[in-house]
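In: Starting from these lines, generate the structure:
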Amino acid sequence: MDDTWVLRLRSGESNIYPQSLLAREWLVTNGLGGYASGTLLGIGTRRYHSLLTVALPAPLGRQVILTPIEESIHVHGSTYVLSGVEQAEGKTNFLGAVHFAEFRLEFGLPVWTYQIKGTILEKRVFMPYKQNTVHVKHHVVSGEEPLRWNLRLAIPFRPHGAAVGGPPGGLYKFVTSENCHEIHPPSPLPVVRLSLHGDNQGFTEDDQLINDIIYRMEEERGYESREDLLSPGFFQMDLNRHTDATLIASTEGWETISTLDPDDAHTAELERRHALLECAHPHARRDRASQLVFAADQFIIRPSRRIENISPASASVDNLRTIVAGYHWFTDWGRDAMISLEGLTLITGREGEAREILCSFSKYIRDGLIPNLFPEGQDEGRYDTADATLWFFHAIDRYLAYTQDWSTLKTLLPKLLDIVEHHIRGTRFGIRVDPEDGLLAQGDQGYALTWMDAKYGEYIVTPRRGKAVEINALWYNALCLLTKWVEFQLEDKEKARQLKICAERTRRSFNRRFWNANQGYLYDIIDGEAGDDTACRPNQIFAIALPNPVLDEIYWKPVFETVRRLLLTPVGLRTLEPKHRDYKLKYHGDLMARDSSYHQGTVWPWLLGPFIDGWLRVIPEDKLEPRQLLENFLDEHLTDACVGSISEIFDAEEPFAPRGCVAQAWSVAEILRSWVRLLKSDLTTL
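Out: Numbering: from 1, shown residues only. Next up is the predicted model:
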């Protein structure tokens, strides 16, 4: 194994033992939206932690299927607990930490090393690609003592986002025959199939109700945090130097599960991951960036959803691709997918999947808008976004820069023209071009339409109704791109001339209206409900950073330096300047407390991407400082929170604690994209 592709945490190193093993998490995904996840210590702290969460067609959506209750090793009459659960009346079981020697990621896959007496034991977890299946594999590295491995599982059968509570409704039936074990839940839930591969394997049936399991992260976030779970029994296998032991759990059929034996399935997944690196940009294969290639893979999925109300000719799940916005709780969001597309798919050499993502979203365009949120389970899709559709133009432009796939552009152009026409004459949610100045306004009561979209009940934290700075930067960029495409691909000179006039009018109005001469930076909102908003926010950086900057060059440096001075941190950009009355230092507490700080100071790492784009436009000769910024960030954070990935957000002040989703698509995408750009000898964007 090449150490370039390995991240390690060893026993005895600072800040990892033992409490921090409970704070750090691991994540394995399957390319369908399903996953396995937990803490390094092996104690679930979230309702989302499970050994198997599967992605099923609507109306089921994602379902939490299997939860590990206790894993232990027996040798010479002694029992050594490796992982367990935290119960409300008990104490957190740190016994597993006593035996912990190392945690590492090999090609992005988790490996635990335990030392028990004189034996070194390794555990691996992986999911075969595009299967709702998980493998838990154990291997004795050294030591001659025979071991007995035990694992007790519980069966939540809980919808992915559902609150925890009592045991699942309805009875399930456990059926066993030799090494084929099946759990039959109430319809329409799928049968769960389990098998053991190893010596002296078996299952002991002893139905138990495990009471008062507590999920401390849910408690901290103000959600229901206690759960009772049913356990049908426990599995056991012998372990020695000559025989590995593997548990397979799946909602696939037996024929699919048994296609490859556990060793061959593991080899196939390692080969797939090696191929991911080989396809990636050369600068993405090196050092810290190689791990981000594996992290990027976790977000690109084939969705399990009904294909309704789209063209019958394309009504197949096989040619749909999308991007999960974040783990554990997000689904695929239009805005996040378009921002993430370059970093997740193009930097990693997955141009075909980039095309499928763009085409998938294009099939769902309604009233000149791409969806902000696709449906999952019984939840409806939503179109309440003013910027996702404008980011769609940007994503297409990046795709074309890498592929020169003009035939796909010609297919999409009628839809792009229709989008612009809808925006000019006005579409849903008050999204419309103001005929007085050519700027794009947005806003509808009860909606937050920009990326700063926190909402608690009917309370919108940052409504930003009016003309938002980044929305108009994106609008201008979209007009410029469409002008070029219409002129050179459709050869429609007149239409291109009309679009160019619209773009130029937008640029002139933008520079006249958004420049705040008193403060020396850009207004965040003009013509808002309370007039022009002077709050210093990171949204103004897009006026410089996009491929077609709407801001006149004379204003670049003061805007950039203001953002750098007031908003830049080691982990991203603050969403509000510290001196503002609404500034919040921390993101914590219940949902209302968190939403009130979500965009009111909280740091977002994805904003480092456009900030570095702006840096290279304003100070093109200086690559060293932004590169050092990214190096320091990755050195600190890749072994924190979800090991090997990048969190959604951070607190606004030191120590900049990671918060929100532990693995976020646009965080990974924009850091990886910026890393590769900074390493190129030629700074010209692809």
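In: could you point out the longest helix in this structure?
Out: In the chain, taking DSSP state H as the definition, the longest helix is helix 493-514.
In: Identify the residues contacting that helix?
Out: 417, 420, 424, 433, 437-440, 467, 469, 472-473, 475-476, 479-480, 482-484, 486-487, 522-523, 526, 540, 543, 550-552, 555 (C-beta atoms under 8 Å, 6 or more residues apart in numbering). Heads up, the C-betas are built off the backbone N, CA and C, glycines and all.
In: where along the stretch 401-550 of the chain do the strands fall?
Out: For the stretch 401-550 of the chain, the strands defined by DSSP state E, counting those that start in this stretch occupy 432-433, 440-441, 455-456, 459-460, 467-468, 515-516, 521-522, 525-528, 531-533.
In: Specify the stretch among those that is closest to Tyr80.
Out: When those are compared by C-beta to C-beta, strand 455-456 sits nearest Tyr80, at 45.7 Å.
In: so how far is that closest one from its chain's centroid?
Out: Between the centre of strand 455-456 and the centre of its host chain there is 21 Å, according to C-alpha atoms, centre = their mean, to the nearest Å.
In: Ile365 against Leu417, yeah?
Out: No. Ile365 lies out of contact with Leu417 (C-beta atoms under 8 Å); the separation is 11.7 Å.
In: Could you dump the strands of the stretch 401-550 of the chain into JSON lines and include distance to Trp329, mean neighbour count and mean pLDDT?
Out: Output for the strands of the stretch 401-550 of the chain, formatted as JSON lines (distance: least, C-beta to C-beta, whole Å; neighbours: other C-beta atoms under 10 Å; pLDDT from 0 to 100):
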{"stretch": "strand 432-433", "distance to Trp329": "33", "mean neighbour count": "18", "mean pLDDT": "98"}
{"stretch": "strand 440-441", "distance to Trp329": "31", "mean neighbour count": "24", "mean pLDDT": "98"}
{"stretch": "strand 455-456", "distance to Trp329": "15", "mean neighbour count": "16", "mean pLDDT": "86"}
{"stretch": "strand 459-460", "distance to Trp329": "20", "mean neighbour count": "15", "mean pLDDT": "90"}
{"stretch": "strand 467-468", "distance to Trp329": "26", "mean neighbour count": "28", "mean pLDDT": "98"}
{"stretch": "strand 515-516", "distance to Trp329": "37", "mean neighbour count": "19", "mean pLDDT": "98"}
{"stretch": "strand 521-522", "distance to Trp329": "33", "mean neighbour count": "27", "mean pLDDT": "98"}
{"stretch": "strand 525-528", "distance to Trp329": "29", "mean neighbour count": "21", "mean pLDDT": "98"}
{"stretch": "strand 531-533", "distance to Trp329": "30", "mean neighbour count": "15", "mean pLDDT": "96"}
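In: Among the ones you listed, which comes closest to Arg221?
Out: With distances scored as C-beta to C-beta, the stretch of those nearest to Arg221 is strand 455-456 (13.3 Å).
In: Note down every partner strand of that closest one and its orientation.
Out: Take DSSP bridges as the rule and strand 455-456 pairs in its sheet with strand 459-460 (antiparallel).
In: outside of the strand it pairs with, which residues touch it?
Out: Residues outside strand 459-460 that contact it (C-beta under 8 Å, 6+ apart): 446-448, 454, 592.
In: Show me where the stretch 201-350 of the chain has its helices.
Out: 216-220, 254-257, 262-279, 287-297, 334-341 (DSSP state H, counting those that start in this stretch).
In: list the helices and strands the fourth one packs on?
Out: Looking back up the chat, that one is helix 287-297. helix 262-279, helix 624-637, helix 665-679 (3 or more C-beta pairs under 8 Å, 6 or more residues apart in numbering; DSSP states H and E).
In: Can you tell me how far the closest residue to Ile339 other than its chain neighbours is from Gly528?
Out: In this structure, Ile339 finds its nearest non-sequential neighbour in Trp666, 4.8 Å apart by C-beta to C-beta, 6 or more residues apart in numbering. Distance of Trp666 to Gly528, computed by C-beta to C-beta, to the nearest Å: 26 Å.
In: ok so, going back, for the helices of the stretch 201-350 of the chain, which one sits closest to Val140?
Out: Comparing these against Val140 with C-beta to C-beta, the closest turns out to be helix 262-279 (14.8 Å).
In: between the closest one and helix 287-297, what angle do the directions make?
Out: With axes from the mean of the first three to the mean of the last three C-alpha atoms, to 10 degrees applied, the angle from helix 262-279 to helix 287-297 works out at 120 degrees.
In: contacting residues around helix 262-279?
Out: 5, 106-109, 124, 126-129, 135, 137, 197, 244, 246, 248, 260, 285, 290, 293-294, 297, 348-350.
In: Narrow the residues you listed to just the buried residues.
Out: Buried subset of the contacts of helix 262-279 (neighbour count, 16 or more other C-beta atoms under 10 Å): 5, 106-109, 124, 126-129, 135, 137, 197, 244, 246, 248, 285, 290, 293-294, 297, 348-350.
In: Following the lowest-mean-pLDDT helix or strand in the chain in sequence, what is the next regular element?
Out: Lowest by mean pLDDT, DSSP states H and E among the helices and strands of the chain is helix 95-99, with a mean of 73. On the C-terminal side of helix 95-99, the closest following helix or strand by DSSP states H and E is strand 100-106.
In: and that following strand, what's its mean pLDDT?
Out: Per-residue pLDDT values over strand 100-106 give a mean of 93.
In: residue closest to the middle of the protein?
Out: Closest to where the C-alpha atoms of the chain average out (C-alpha atoms, centre = their mean) is Gly326, at 2.6 Å.
In: Sticking with the nearest residue to it once chain neighbours are set aside, tell me its helix or strand.
Out: Distances taken as C-beta to C-beta, 6+ apart place Cys661 nearest to Gly326, at 3.4 Å, with adjacent residues excluded. Using DSSP H and E, Cys661 falls within no helix or strand.
In: And for Cys661, the neighbour number?
Out: By the criterion of other C-beta atoms under 10 Å, Cys661 has 22 neighbours.
In: mind checking how far it is from Arg382?
Out: 19 Å.
In: do the same with Ile214
Out: Ile214 sits 33 Å away from Arg382, going by C-beta to C-beta.
In: More neighbours: which of the two?
Out: Taking other C-beta under 10 Å, Ile214 and Arg382 do not tie; Ile214 has more neighbours (20 against 15).
In: Quickly list what the more buried one is bridged to.
Out: With DSSP bridges as the rule, Ile214 is bridged to Arg226.
In: Next, the contact list for it, please.
Out: 86-88, 225-226.
In: Quick check: the farthest pair among those?
Out: Gln87 and Ser225 (11.9 Å).
In: give the contact list for the closest residue to Ile424 other than its chain neighbours.
Out: Nearest non-adjacent residue to Ile424, counting by C-beta to C-beta, 6+ apart: Val433, 4.8 Å away. Neighbouring residues of Val433 by C-beta under 8 Å, 6+ apart: 423-424, 426, 439-441, 502.
In: Just the buried ones from those residues?
Out: Buried among the contacts of Val433 by 16+ other C-beta under 10 Å: 423-424, 439-441, 502.
In: wait, which of those residues is closest to Glu25?
Out: Nearest to Glu25, judged by C-beta to C-beta, of these is Leu440 at 39.7 Å.
In: Give the bridge partners for the closest one, please.
Out: Here Leu440, judged by DSSP bridges, has bridge partners Val433.
In: quick one: it and Glu470 touch, right?
Out: No. The pair Leu440 / Glu470 is not scored as a contact, 10.6 Å apart, by C-beta under 8 Å.
In: so who does Ile649 touch?
Out: By C-beta under 8 Å, 6+ apart, Ile649 lies in contact with 572, 587, 598, 602-605, 658-660, 664.
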